[in-house]
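Participant: got a predicted structure here, sequence first:
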Amino acid sequence: MAAAGRERQMSEAGADAPVGSRLTDTVAAYSTRALAGGTTIAALFVLLVAGAIFPDSIAGTLADVLTSRNTLASALRLSVPIAFAALGGIFAEKSGVINIGLEGLLIISAFTAIYVTDLTGGIWIGFVGGVLASTLLAGLFAIVTIEFRADQIIAGLAVWLIALGLAPFASQVIYNGPNTPTVPTPDAISVPVLAELPFFGALFSASPSVYLLFLSVALSWYVFERTAFGRWIRASGENPKALDTAGVSVRGVRYAAVLLSGVLAGMGGSAFSLDLGQFTGNGPTMVNGKGFIAIVAYLFGNYNPVGAFLSTLLFAGLDAIQTVLQLRGIGIPRQLIRITPFVVVIVVLALVGRTQTPEAAGDHYESGEE
Amino acid sequence: MSAADRARAVLTRLVEASAIERILISTAALVLSILIGTAIVLVAGRMTTCAATDAVYYLGTGFCYDPVVVFDRLFLGALGEPFSGNWSPDGQFAVTLRETTLLVFTGLSVAVAFRAGIFNIGTQGQMVVGAMATAVAVLWASSFVSGALGTVLLIPFGVLVGAVFGGLYGTLPGLLKAYADANEVITTIMLNFIATGVTLYLVSGPFKDPGSAANQTVPLPEFARFPSLLFGSRQDFSLVAFAIGILAIGGLYYVIEHTAFGYDVRTSGIQPEAAEYGGVDAAKTVVASLTLSGALGGVAGAMYVMMILGTFQTGLPSYGFDGITVSILAGNNPLGVGVAALLFGILKSGTTVVQFATDVPPQLVGVLRGLIILFVAMPEFFRLLGRRLSPSGPERNPVATDGGRREGETDE
C-alpha cells in the first residue's frame, strides 16, 4: 500500500494534479469493483441454473453446496476473524498507519483467549484477555511507529513474526505442546422462528461472536460516517497538516486508531479460537493467513466497513465451500482446492489494483510544535 | 544537475552517513533483543513447573529456565564449543555453516528486492518452488549420468533449475505489481501459501516416493548431492555450497553497486520519481529485481535439497522468513548479509543445542527474530538513546528503510 500510495503521488506530482484525474481514478476503481462484483454474481447465477438443470454434474454439487444452510453458517463463522481484523485494519490505515501486523494480533489474541479461559473457566473473561493481549501488542506497534518513526511495513512484519513465535512458545511452556487443550465453547444464540428459515436461518442461529461482528460492522460504519472522531481519523490519514492546524493532535488520533485496530483484531482472534475451543500453533498456526486476507478484504471493500464485511463474506464463503468440497470430492485434489481462497485473493487484488489509499498512509507525521 | 545526478548524490550521502550508524543500530538491536529474550526466558521459567532441584535461583527467586545456560548453549554450542579444548570443525560448527549458507541465499534474495523498494515476503515460497523443481529435475537427470562426472554436471544443473523456477515464481508478483498494481506484500504472502499447497499436492501424488510413508520425492543418489569436502558427511555441510554462497555475496554486491541494472535498482528504491525522470524503466526494474530475488530464493531451495535433505519433503524450515531478518539486519547490503547470515546461522544451529540441553521451547528463536526486526526498524529509538547519552551528538536524518519516501518531504 505504501507502494500504491507512492505511485498515486507520482501520478499527481506532475503539473498540478487536476482534480479530474483523481475523479477518473475513483470512477475507474469503482467500475473495476463493480465489474468484479458483477462477474461474481453472474457466475453464481449461471452456476445455480446449471446446477438445477444437471444436478449430478460438478455444477450440481457446487450449487448444492452453495445453497446449503451449513455453507452460510460456516462462512459466517470463518468471517469472524477476517472481518474483525479488516475493521481494525481500516481504522489504522485510514488514520495513516498501515497495520500489516493484523495476522500477529489475531494469533496472540487467539492464544491468550484460550489460555485465560483455561485459567479462569470463564469464556468471556478469556475473550477480554485475548482482546487485551492484542491491544497491548498493537500499543507496542503504535509506540514503535508513531513515537520512534519505525517503517510501518517492517514493524508490522515484526509484530506478525513476534506473535508467530510467542504464541506457540507460550503454549509449549504452559501446555508442553504447540496446541492447547480444549476449553468449553460458547453456546449458539438462536432467534425463534427466524432460525427455522431454510438458507438464511443460519443468520439467526449463530455463535455470539457473529452477532458481535454484525454490531461492530454497524458501529464502525457509524463512527466513520457520523462522528467527529471518524472525521479526525480520515483527516489524519488524508491531510494530517490540516488536522493539526485545526488543533487536533494527529499523534493522539493515530494512537487511538491503532489501539482500536488492536481491540478489533483481538475480538476477532479471541472469538475465532473460543468458537473452536482450542488454539493450534503448528506451522502458520490456526490463523493461517487470515490477517493478510483481512487486508485484501478491506482494500476490496474500499475501506468501507460494510464493504469490507461483504468482501470478507466472499472470501470466507469460498473457504467454507472449499472445505465442503474437500470432503465431497469433485475430482480435483484436496490440496489444490485448499488454495483457492489464496488464488482468489491474488486475482481480486490484480483486478482492483490501485486503491484509494489514504494520502498520508505510511508516512510519519511530525507536528510543527516539536 | 540532472535528476539522475541528484539521485546519485542523495545515494552517496545516505550510504556514507549510514554505514557505521547501521552497524551500530544492528548491534544495539541485537543486544536489546537478547535482553528481552532473557526476560522472556525468565518469565517462561516462572510459568512452567519443574523439580526444585532443577531450578536456578536469581535474587532469591527460583526459575525453571536459566537464561545464562540458554544463551551459552545458543552461541557456544553453535560454534562447536570453541573453549572446550577439543574443537572440531565437523561438529555443530558445520551445522552452523550449513544454516549460514542457506541464509546467505534467502538473505540476498530479500535484500535485492528491498533495495529496489519492493517488499518481497515471498522468498519462502520461491525457495519451496525451487526446491521442488530441483528435486524432481535432478532425480530425472541422475539416470543419465553417474559417478564424479555426474556430480560435476548435476550440481550446476540442479542449482540452475532451482534458480529458474524460483525466478519464475518471483516474476509472477513482479508482473502483478508492475502491470496490475497489486501490492507485492500481499501477493507474495499469498503465493507462499499457494506454493505450499501445490507442492504438497505434487509430493503426495504425482511425484511421491512410493517407498516412503512421508510426503516426499524419491531421494537423490549420493553423487547428485553436494560433496562434503574436508568436513565429514555427518552434518550435511558442503564447502562447495558455502563457496557458492560467498561468490553470490560478492557477485550481488558487484551487480548492485557497479552495474547499470544495480543503479536502476538502487535509485528505484530510494527515489522512484527521480529514477523515472532519470530514465529508469520502473516496471522493468520491478519485474527484473523480483525475478532475481526469486532466483536467489530458488537457489536456497536447490541447496536445501542437494546439500541437506537429498529429497523434497513438505514443511521446509522457514529460511525464507529468516532471510527477511537477515536482510533487514544487514541494512539490505549484500556484504552485510554475509555477517548477518552467520549470526542467524548461529541462532538456528544453536536452537537444536538448546533443545538438547534445556527444556526451553525452540520457538524462542522465532520470538528473537521478530524482536530483532522490530528494533532494527526503529533506528530513531537508538538515536534518541544515543542523544541522551551524548547530548552534543550530531543530528542526522533518519535512514529510510522504506523505499516509499515522498519527494520533497523531510523527516525533521
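Facilitator: It's in. Numbers count the residues shown, from 1 in each chain, chains lettered A, B, ... in the order given.

Participant: going forward, measure contacts and count neighbours with C-alpha atoms only.
Facilitator: Noted.

Participant: where do the strands sit along the chain?
Facilitator: Reading this off chain A. Taking DSSP state E as the criterion, chain A contains strands spanning A:189-190, A:205-206.

Participant: to clarify, I was referring to chain B.
Facilitator: With strands called from DSSP E, chain B shows them at B:56-58, B:61-63.

Participant: would you reformat those as CSV and include distance to residue B:28, mean pLDDT and mean neighbour count?
Facilitator: Below are the strands of chain B laid out as CSV (distance: least, C-alpha to C-alpha, whole Å; pLDDT from 0 to 100; neighbours: other C-alpha atoms under 10 Å in any protein chain shown):
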stretch, distance to residue B:28, mean pLDDT, mean neighbour count
strand B:56-58, 25, 78, 12
strand B:61-63, 27, 79, 16
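
Participant: OK, contacts around residue B:72?
Facilitator: If a contact means C-alpha atoms under 8 Å, 6 or more residues apart in numbering or on different chains, then residue B:72 has no contacts.

Participant: local confidence estimate at it?
Facilitator: We have a pLDDT of 85 for residue B:72.

Participant: quick check: the gap between residue A:123 and residue A:183.
Facilitator: Residue A:123 sits 8 Å away from residue A:183, going by C-alpha to C-alpha, to the nearest Å.

Participant: and for residue A:252?
Facilitator: Distance, residue A:252 to residue A:183, using C-alpha to C-alpha: 38 Å.

Participant: between those two, point out the one with more neighbours.
Facilitator: Neighbours per residue (other C-alpha atoms under 10 Å in any protein chain shown) separate residue A:252 from residue A:183, with residue A:183 holding more: 21 against 11.

Participant: that one and residue A:117 touch, don't they?
Facilitator: Yes - using C-alpha atoms under 8 Å, residue A:183 is in contact with residue A:117, at 7.1 Å.

Participant: for residue B:188, which non-adjacent residue is spatially closest?
Facilitator: Nearest residue to residue B:188, sequence neighbours excluded (C-alpha to C-alpha, 6 or more residues apart in numbering or on different chains): residue B:122, at 4.4 Å.

Participant: isn't the one you found up against residue B:189?
Facilitator: Yes - in this structure residue B:122 lies within contact range of residue B:189 using C-alpha under 8 Å: 5.7 Å.

Participant: any weak-confidence spans in the chain?
Facilitator: Since you didn't name a chain, this refers to chain A. A:1-37, A:47-48, A:51-52, A:55-67, A:329-331, A:353-356, A:368-370 (pLDDT under 70).

Participant: could you do chain B instead?
Facilitator: Ranges of chain B meeting pLDDT under 70: B:1-18, B:230-234, B:390-412.

Participant: please repeat the previous calculation with a cut-off of 80.
Facilitator: Counting by pLDDT under 80, chain B shows low-confidence ranges at B:1-22, B:47-62, B:80-91, B:228-236, B:270-276, B:278-279, B:380, B:383, B:385-412.

Participant: how near is the residue minimising distance to the centre of it to residue A:144?
Facilitator: For chain B, the residue sitting closest to the mean C-alpha position, by C-alpha atoms, centre = their mean, is residue B:323 at 1.8 Å. Residue B:323 is 22 Å from residue A:144, where distance means C-alpha to C-alpha.

Participant: of the strands of chain B, which approaches chain A most closely?
Facilitator: With C-alpha to the nearest C-alpha, the closest approach to chain A among the strands of chain B belongs to strand B:61-63: 12.8 Å.

Participant: which other residues reach the closest one?
Facilitator: B:42, B:45-46, B:55-57.

Participant: spell out which residues of the stretch 251-370 of chain A are next to chain B.
Facilitator: A:292, A:296, A:333-336, A:338-339, A:342-343, A:345-346, A:349-354, A:363-364, A:366 (C-alpha under 8 Å from any C-alpha of the partner chain).

Participant: quick one: the helices in the stretch 251-370 of chain A?
Facilitator: For the stretch 251-370 of chain A, the helices defined by DSSP state H, counting those that start in this stretch cover A:290-300, A:305-328, A:334-337, A:340-352.

Participant: overlap in contacts, residue A:123 and residue A:183.
Facilitator: With C-alpha under 8 Å, 6+ apart, residue A:123 and residue A:183 have common neighbours A:117, A:274.

Participant: run through the residues that contact residue 346.
Facilitator: All of this refers to chain A. Contacts of residue A:346 by C-alpha under 8 Å, 6+ apart are B:182, B:186-187, B:190.

Participant: hmm, I had chain B in mind actually
Facilitator: Shown in contact with residue B:346 (C-alpha under 8 Å, 6+ apart): B:74-75, B:78-79, B:96, B:99-100.

Participant: now the two most distant members of those residues.
Facilitator: B:74 and B:100 (14.8 Å; C-alpha to C-alpha).

Participant: and the two? which has more neighbours close in?
Facilitator: When neighbours are counted by other C-alpha under 10 Å, residue B:74 and residue B:100 differ, and residue B:100 comes out ahead with 28 against 23.

Participant: from chain A, how far out is the closest residue to that one other than its chain neighbours?
Facilitator: Nearest residue to residue B:100, sequence neighbours excluded (C-alpha to C-alpha, 6+ apart): residue B:345, at 4.4 Å. For residue B:345, the distance to chain A equals 18 Å [C-alpha to the nearest C-alpha, to the nearest Å].

Participant: re earlier: can I get the contacts of strand B:61-63 in TSV with distance to residue B:370?
Facilitator: Shown next, in TSV, are these (distance: C-alpha to C-alpha, whole Å):
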residue	distance to residue B:370
B:42	18
B:45	21
B:46	23
B:55	28
B:56	27
B:57	29
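
Participant: can you list these in CSV and add distance to chain A?
Facilitator: CSV is the format used below for the contacts of strand B:61-63 (distance: C-alpha to the nearest C-alpha, whole Å):
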residue, distance to chain A
B:42, 12
B:45, 8
B:46, 10
B:55, 15
B:56, 17
B:57, 19
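
Participant: count of residues packed around the closest residue to chain A within the stretch 201-350 of chain B?
Facilitator: When scored by C-alpha to the nearest C-alpha, the stretch 201-350 of chain B has residue B:201 as its residue closest to chain A, at 5.3 Å. By the measure other C-alpha under 10 Å, the count of residues near residue B:201 is 19.

Participant: with the one 10 residues further on instead?
Facilitator: Using other C-alpha under 10 Å, residue B:211 has 10 other residues around it.

Participant: quick one: contacts for it?
Facilitator: Per C-alpha under 8 Å, 6+ apart, neighbours of residue B:211: residue B:218.

Participant: for the residue lying closest to residue B:109 once chain neighbours are set aside, which residues are in contact?
Facilitator: Distance criterion C-alpha to C-alpha, 6+ apart; nearest residue to residue B:109, sequence neighbours excluded, is residue B:293 at 4.2 Å. Residues near residue B:293 by C-alpha under 8 Å, 6+ apart: B:108-113, B:120, B:123, B:167, B:170.

Participant: just the closest residue of the stretch 1-150 of chain B to chain A, please.
Facilitator: residue B:48 (5.8 Å).

Participant: what does the stretch 51-200 of chain B put close to chain A?
Facilitator: Close to chain A, as judged by C-alpha under 8 Å from any C-alpha, the stretch 51-200 of chain B has residues B:176, B:180-183, B:186-187, B:189-191, B:193-194, B:197-198, B:200.
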